[in-house]
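Novice: Take this sequence and fold it.
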Amino acid sequence: MMRTVLAVLVMFSAVWMVYRRRYKLLNTILAVGMIRRLAISASMNIPSFREKLLPELFNTKSHTN
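Specialist: Residues are numbered from 1 along each chain as shown. The predicted structure is shown next:
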């Protein structure tokens, strides 16, 4: 019983630490070119993500005054 409680506490602490430093961890992971390419190609396979992102990237409207 005590071992289970300790395991749950350790798991909770690990998840909390990752959540707290999520952006720093993400930037560190995506700094590796191969992982960044894999992440981008995987995200482009998600139809809803692609439908929202591509029109914004290739918007041909002029923003001049």
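
Novice: from here on, contacts and neighbour counts on C-alpha atoms
Specialist: OK.

Novice: Quickly find the element holding the residue nearest to the spatial centre of the chain.
Specialist: Closest to where the C-alpha atoms of the chain average out (CA atoms, centre = their mean) is residue 26, at 6.2 Å. Using DSSP states H and E, residue 26 sits in helix 22-30.

Novice: Just the buried positions in whatever helix or strand comes next after that helix, please.
Specialist: Following helix 22-30 in sequence order, the next helix or strand is helix 33-44 (DSSP H and E). For helix 33-44, a neighbour-count test (16 or more other CA atoms under 10 Å) marks nothing as buried.

Novice: Tell me what angle helix 33-44 forms with helix 22-30.
Specialist: 110 degrees (axes from the mean of the first three to the mean of the last three CA atoms, to 10 degrees).

Novice: Run through the neighbouring helices and strands of helix 33-44.
Specialist: helix 22-30, helix 47-57 (3 or more CA pairs under 8 Å, 6 or more residues apart in numbering; DSSP states H and E).

Novice: Can I get the helix holding residue 26 in CSV? Just the C-alpha atoms.
Specialist: C-alpha atoms of helix 22-30 as CSV (Å, rounded to 0.1, in the frame of the first residue of the first chain):
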residue,chain,number,x,y,z
ARG,A,22,6.5,22.4,-20.9
TYR,A,23,7.6,25.4,-23.1
LYS,A,24,11.3,25.1,-22.3
LEU,A,25,11.1,21.3,-22.9
LEU,A,26,9.3,21.8,-26.2
ASN,A,27,11.8,24.4,-27.4
THR,A,28,14.7,22.1,-26.5
ILE,A,29,13.2,19.1,-28.3
LEU,A,30,12.2,21.1,-31.4
